[in-house]
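[1] can you look at this prediction? I've put the sequence above it.
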Amino acid sequence: MADYELDLEPVDQITVGVEGEPGQRTFYLEASKGAQSCTLVMEKAQVVELGTHLLAAMPDQLSEPAPAPARGPLGSPGWRVGTIQISLDEPGGACTLVMEELSGVEGEPEAEPDPRRVRLVVSLGQMRGLADRCLFVVEGGRPLCPLCQLPMDPSGHVCPARNGHHRT
């Protein structure tokens, strides 16, 4: 099995969060097991896809999410997530998330030669709670333009669907 910077099996807590105002937000995933924890930076699209894929993989009989624990942030954000692998072990009642560091992005600090990885094993109840939280967090952003589906600032935006000639 591959080496992981952190291997939490099973996690005690897992959630996604956001800081900042709409249009300037930073998304992150937090997980912990005992004294070990990680806070990883994610893109909004990754949070949407994670929530969507977790819900799609959800066993039919699992309808209620596990209650999300109330707590403060786990720590300062670590590295930026590049790829996310999801594997479901329905008979074992768990889902494994493997997150790998994004590398080769201009303006970011030089990544390690081998991208860092974390492995998070969550229960199916935690998986449902995480999926719901992912989709809830992204709903708090800017409204989408009805024509082009891009986010609009409070003052509107130049819509590509209108060839940029009119503010929507």
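    Looks like it came in fine.

[2] look at Arg119 and say how many residues are nearby.
    Using other CB atoms under 10 Å, Arg119 is surrounded by 19 other residues. Where C-beta positions appear, they are placed from N, C-alpha and C, glycine not excepted.

[3] tell me the pLDDT at it?
    pLDDT, Arg119: 97.

[4] in which helix or strand does it reside?
    Per DSSP states H and E: Arg119 is located in strand 117-123.

[5] now that strand - C-alpha only, PDB.
    What follows is strand 117-123, C-alpha atoms only, in PDB (Å, rounded to 0.1, in the frame of the first residue of the first chain):
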ATOM      1  CA  ARG A 117      -1.500  11.900   0.200                       C
ATOM      2  CA  VAL A 118      -3.900  11.300   3.000                       C
ATOM      3  CA  ARG A 119      -6.200   8.400   3.500                       C
ATOM      4  CA  LEU A 120      -9.500   8.900   5.400                       C
ATOM      5  CA  VAL A 121     -11.900   6.000   6.200                       C
ATOM      6  CA  VAL A 122     -15.400   7.200   7.100                       C
ATOM      7  CA  SER A 123     -18.500   5.400   8.200                       C
END
